[in-house]
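Colleague: 3D model of this:
(one chain, ligands or ions: 1)
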Amino acid sequence: MSTTRERTGSAMLHPEMRAAADPDAIIRGGRRLDHAEGTSKPLRPAPEPQPRGAKVRGNRPIDQQEAAARFIAATEHEKMHDERLWDLRQKRDREMHGIPEGEELRSLASAIKEHTLTHLDEYLDQFEANARSNGIHVHWARDAAEHNQIVHGILRDHGATSLIKSKSMLTEECGFRHYMASVGIEVIETDLGERIQQLDNEDPSHVVVPAVHKLRTDVAKVFSHTIGTDPGNTDVHYLAEAQREATRPLILNADAGMTGANFVVAETGTFVVCTNEGNADLSANVPKLHIASIGIEKIIPRLEHLAVLVRLLSRSALGSPMTQYTSHFRGPRAGGEMHVVLVDNGRSERLGLEEFWTSLKCIRCGACMNTCPVYRRSGGLSYGATYSGPIGLIIDPTFNARKYSNLPFASSLNGSCTNVCPVKINIHEQIYAWRRVLVKQHEVPLAKKAAMKAAGALLSRPAAYRAAIASADTALAHLPRFVIYNGLNAWGKHREVPHPPKQTFHSWYHTNRGAKR
Ligand code: SF4
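Modeller: The predicted structure follows:
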């Protein structure tokens, strides 16, 4: 008796499976897989959700610790972020040590910036005169609001309703995108990382690599919601290409383009923009109207100074000898119009702060962030401010001492940031100085103030300190666990206290080297 299968032959099969040469057939081990085998995929765990940044509530102090704890708890994100940035730090070291004059360049860069900042008014006037003679319209903005209004005015005069822009931390400072949305102007970011952040309605988390805190799965999710990509496809080429396809038409039809500037040269009235994607060149050259928003501290006196700073910027930022595109802008192209908006937004005031004015030397390379152990593990958005990482700790309180009063405490003061800074800003000393200032201004919670006072009293009395250490070691060795790890001990939430040594260093030294107590 024949079986059912023999009786029906291939009649039960889908016509596609019967086709002799099916181009879509999946062959594995010389055998054609049947329908279910061919289409089923192994079950994968759901991707780790992306941790979001600090909660910003008006003028209330940002709780960086709380946001950092959430980032640390997202272990895949934290690991990737830490490794990616440490990789940049190592590349930076290789590139900087690869040129024998590396340290000399840092000293020169620091001297150029300090000289310029102490003669800022002269060089700004010189730039303005030379830029105007190059055919550039120059505007001055006292603050963020004025900047946004000036740019809006220029766009209105030209009937522009869409603007493509390259990455600019200054426009982040000014809340530019939100303002433009409120007046009905469409802004399209052309830097890939910045575009990802824009589509995700997030701020940049790093000054050079704005979306570095995101996993591929996060980007796939954002793109699937906003530009309709396949949510399961996390291939970087696919995602980048899809974004390019979606954005190119917007770029080609934009009414105006905006860039920032990395350096502004007083003697020539020109400015320079460094990118790795060439996107600033699109913003500057596709539409006929080009607007450049530039912080007043970006100025340098002469073209020869540019060589020093350009050599340092990319080496410090990404560990590469040069940015892919170092574009010089001298004036409007034929039939076009160029505007430069020189923005103060608190810089003049910062220049007058004796302990903090040298923070204006910053060339936004991000090296201090890449090396900072706190930043690498907590993510840039945990700072809840435009600038994060070590440079953020010293710039942000100049905008709002109360709101950013917790930030200078998010540092181990190890000095690594200072060691890598290409313009030799004494970052960790300024972080420490901010702590003193904030305590004096009563911007530090009473509990923290009392703890600091007690620590200060203890550390300034050697005998009391030694006695405290000895009893702390005994206590740590014998106290029940809940006494040390409880809700009051924020430090212990994510860490284990190391086993106390049997002997303190001081007592070991006394025993073995005969030092007097
Ligand atoms: S402070 Fe120094 S290291 Fe940090 S971003 Fe600025 S220039 Fe770079």
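Colleague: Just say helix, strand or coil for the closest residue to Ile136 other than its chain neighbours.
Modeller: In this structure, Ile136 finds its nearest non-sequential neighbour in Met338, 4.9 Å apart by Cβ to Cβ, 6 or more residues apart in numbering. Bear in mind the C-beta positions are built from the backbone N, C-alpha and C, glycine included. At Met338 the chain is in strand, as set by DSSP: H, G, I helix; E, B strand; the rest coil.
Colleague: pretty sure Met338 contacts Pro332?
Modeller: Yes - contact criterion Cβ atoms under 8 Å: Met338 and Pro332 qualify, at 4.0 Å.
Colleague: Find residues that contact each of these two.
Modeller: Contact with both Met338 and Pro332 is made by residues Gly135, Ile136, His290, according to Cβ atoms under 8 Å, 6 or more residues apart in numbering.
Colleague: List buried residues within those.
Modeller: Buried members of the shared contacts of Met338 and Pro332, counted by 16 or more other Cβ atoms under 10 Å: Ile136, His290.
Colleague: And the shared contacts of Met338 and Pro332, which is closest to Gln243?
Modeller: For the shared contacts of Met338 and Pro332, the minimum distance to Gln243 (Cβ to Cβ) is 23.4 Å, reached by His290.
Colleague: Just the C-alpha atoms of the lengthiest helix in the chain, please, in PDB.
Modeller: The longest helix of the chain (DSSP state H) is helix 75-97. Taking Å, rounded to 0.1, in the frame of the first residue of the first chain, the C-alpha atoms of helix 75-97 are listed here in PDB:
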ATOM      1  CA  THR A  75      26.200  47.100  30.600                       C
ATOM      2  CA  GLU A  76      26.400  46.700  26.800                       C
ATOM      3  CA  HIS A  77      26.300  50.500  26.300                       C
ATOM      4  CA  GLU A  78      28.800  51.200  29.000                       C
ATOM      5  CA  LYS A  79      31.300  48.600  27.700                       C
ATOM      6  CA  MET A  80      31.000  49.800  24.100                       C
ATOM      7  CA  HIS A  81      31.300  53.400  25.100                       C
ATOM      8  CA  ASP A  82      34.300  52.800  27.400                       C
ATOM      9  CA  GLU A  83      36.100  50.700  24.800                       C
ATOM     10  CA  ARG A  84      35.400  53.000  21.800                       C
ATOM     11  CA  LEU A  85      36.700  56.100  23.600                       C
ATOM     12  CA  TRP A  86      39.700  54.400  25.100                       C
ATOM     13  CA  ASP A  87      40.600  53.300  21.600                       C
ATOM     14  CA  LEU A  88      40.500  56.900  20.500                       C
ATOM     15  CA  ARG A  89      42.700  57.800  23.400                       C
ATOM     16  CA  GLN A  90      45.300  55.100  22.400                       C
ATOM     17  CA  LYS A  91      45.200  56.300  18.800                       C
ATOM     18  CA  ARG A  92      45.800  59.800  20.000                       C
ATOM     19  CA  ASP A  93      48.800  58.700  22.000                       C
ATOM     20  CA  ARG A  94      50.300  56.900  19.000                       C
ATOM     21  CA  GLU A  95      49.900  59.900  16.700                       C
ATOM     22  CA  MET A  96      51.100  62.400  19.200                       C
ATOM     23  CA  HIS A  97      54.200  60.400  20.200                       C
END
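Colleague: quick one: buried residues of that helix?
Modeller: Across helix 75-97, burial judged by 16+ other Cβ under 10 Å covers 77-78, 80-82, 85, 88-89, 91-93, 95-96.
Colleague: again, but for stretch 225-242
Modeller: Residues of stretch 225-242 classed as buried: Thr226, Thr229, Thr234, Leu239, Ala242 (neighbour count, 16+ other Cβ under 10 Å).
Colleague: Pull the contacting residues for the last one.
Modeller: I take that to be Ala242. Ala242 neighbours (Cβ under 8 Å, 6+ apart): Phe223, Ile227, Thr229.
Colleague: Quickly find the element holding it.
Modeller: Assessed by DSSP states H and E, Ala242 sits inside helix 236-252.
Colleague: for that helix, what is the average pLDDT?
Modeller: Here helix 236-252 scores 95 as its mean pLDDT.
Colleague: mind checking which helix or strand of this structure has the lowest mean pLDDT?
Modeller: Within the chain, no helix or strand scores below helix 4-8, which has a mean of 45 by mean pLDDT, DSSP states H and E.
Colleague: Now do the longest helix of the chain: everything it contacts.
Modeller: Against helix 75-97 from outside (Cβ under 8 Å, 6+ apart): 48, 50-51, 71-72, 102, 209, 212-213, 215, 315-321, 366-367, 369-371, 375-377, 379, 420.
Colleague: and the gap between Arg216 and Asn201?
Modeller: For Arg216, the distance to Asn201 equals 19 Å [Cβ to Cβ, to the nearest Å].
Colleague: Tell me which of these two has more neighbours.
Modeller: Arg216 (14 against 9; other Cβ atoms under 10 Å).
Colleague: Next, the more buried one: phi, psi?
Modeller: phi -50, psi -40 (degrees, to the nearest 10).
Colleague: contacting residues around it?
Modeller: Thr234, Val236, Leu239.
Colleague: Give me the nearest residue to the first one, chain neighbours excluded.
Modeller: If I follow you right, that is Thr234. In this structure, Thr234 finds its nearest non-sequential neighbour in Arg216, 4.1 Å apart by Cβ to Cβ, 6+ apart.
Colleague: Now do the strands in the stretch 1-150 of the chain.
Modeller: 27-28, 31-32, 137-141 (DSSP state E, counting those that start in this stretch).
Colleague: picking up where we left off before, just the shared contacts of Met338 and Pro332 now: which is nearest Pro301?
Modeller: Ile136 (18.2 Å).
Colleague: which one of Met338 and Pro332 has more residues nearby?
Modeller: Met338 (22 against 17).
Colleague: The ligand versus the more buried one, what's the distance?
Modeller: From Met338 across to the ligand, the span is 27 Å (Cβ to the nearest ligand atom, to the nearest Å).
Colleague: Trp434 now?
Modeller: For Trp434, the distance to the ligand - Cβ to the nearest ligand atom - is 14 Å.
Colleague: just Thr270 next, same as before
Modeller: Remark: distance between Thr270 and the ligand (Cβ to the nearest ligand atom) = 22 Å.
Colleague: One more: Glu429?
Modeller: From Glu429 to the ligand the distance is 12 Å (Cβ to the nearest ligand atom).
Colleague: by contact count, what packs against the host helix or strand of that residue?
Modeller: Glu429 is located in helix 427-440, with elements delineated by DSSP H and E. Applying 3 or more Cβ pairs under 8 Å, 6 or more residues apart in numbering; DSSP states H and E, one finds that helix 427-440 contacts helix 389-399, helix 416-420.
Colleague: Done for today, thanks.
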